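Trainee: Let me see the structure of the following:
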Amino acid sequence: MTLTTRDEVDFQTLMGDVRPLSRGHNRAKTSPVRRAPSEAQLARRESAIQRVGESDFLSDDFVELVPPFDPLAFCRAGVQQGVMDRLRHGGYPVQASLHLLRRPLEACRRELPRFIRDAYAHDLRSVLIVHGRGREVDSPANILRSYLAKWLMSFDTVQAFASADSADGGLGATWVMLRKSERAKSANRERQQKRRG
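Mentor: Numbering: from 1, shown residues only. Have a look, this model is predicted:
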């Protein structure tokens, strides 16, 4: 497209006194506006860091798959067999429960540390985790169940765990016994001393 003389005149009229920038100065100077983060932004950032840190120690690397019809069972040294039997048969009250059924593995990996930490912080001892159980060894529910067994052993606060009996979910749920917190131990000692005194 060629410009006519009239178009050239109109263009020059529109441009008026506009002059090209000299070489070397053909960019606008911008300085980034840096504002201090708000309290809400800082809180969200801290929460995200904490959430990431909580699940970092739970590996989602290779896990040995537990056969779908084998019960889960684990206890630390010093846990009596009677405690394990009572745990397995639902002899302790459900103080809290976590439902992981049909949830993605990564979501479960994030939720579990928060749940265990909060239960321990509130002096809960017996909690139930519902995770499901597939019929095939490589079903998503059985993979989660296998990771759960691996992950629960990683918590210092977990004293024992066992698959629930059929009334509480059977092989699709796991009872977890948490150790007593120092606060709970201290309160227990005080009660014992009052009884004696």
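Trainee: May I see the buried residues of the strand or helix carrying Tyr147?
Mentor: Element membership for Tyr147, per DSSP states H and E: helix 140-152. Using 16 or more other C-beta atoms under 10 Å as the test for burial, helix 140-152 gives Ala141, Asn142, Ile143, Leu144, Arg145, Ser146, Tyr147, Leu148, Ala149, Lys150, Trp151, Leu152. For the C-beta atoms, the positions are set from N, CA and C on the backbone; glycine is no exception.
Trainee: Check stretch 164-181 too.
Mentor: Result for stretch 164-181 [16+ other C-beta under 10 Å]: buried residues 164-165, 168-169, 171-179, 181.
Trainee: Same check on stretch 123-135?
Mentor: Leu124, Arg125, Ser126, Val127, Leu128, Ile129, His131, Gly132, Arg133, Gly134.
Trainee: if we take the residues you listed, which one ends up nearest to Glu106?
Mentor: His131 (14.5 Å; C-beta to C-beta).
Trainee: Now do the phi/psi pair for the closest residue to the closest one other than its chain neighbours.
Mentor: Leaving aside its sequence neighbours, His131 sits nearest to Leu100 (C-beta to C-beta, 6 or more residues apart in numbering; 4.7 Å). Main-chain dihedrals, Leu100, degrees, to the nearest 10: phi -110, psi 10.
Trainee: Then Ala173?
Mentor: Backbone torsions of Ala173, given as degrees, to the nearest 10, read phi -140, psi 150.
Trainee: Tell me where this protein has helices.
Mentor: Using DSSP state H, the helices of the chain run over residues 5-15, 39-56, 81-88, 105-121, 140-152, 182-196.
Trainee: Show me how far stretch 105-114 is from its chain's centre.
Mentor: Chain-centre distance of stretch 105-114: 3 Å, with C-alpha atoms, centre = their mean, to the nearest Å.
Trainee: Please point out which parts of it sit buried.
Mentor: Applying 16+ other C-beta under 10 Å to stretch 105-114 flags Cys108, Arg109, Arg110, Glu111, Leu112, Pro113 as buried.
Trainee: any idea which of those residues is closest to Asp85?
Mentor: Closest to Asp85, out of all of the buried residues of stretch 105-114 and judged by C-beta to C-beta, is Leu112, at 25.0 Å.
Trainee: Please name the residues that touch that closest one.
Mentor: Counting by C-beta atoms under 8 Å, 6 or more residues apart in numbering, Leu112 touches Ser55, Leu58, Leu98, Leu100, Ile129, Leu148, Trp151, Leu152.
Trainee: For it, give its distance to Tyr120.
Mentor: Separation of Leu112 from Tyr120 (C-beta to C-beta, to the nearest Å) stands at 12 Å.
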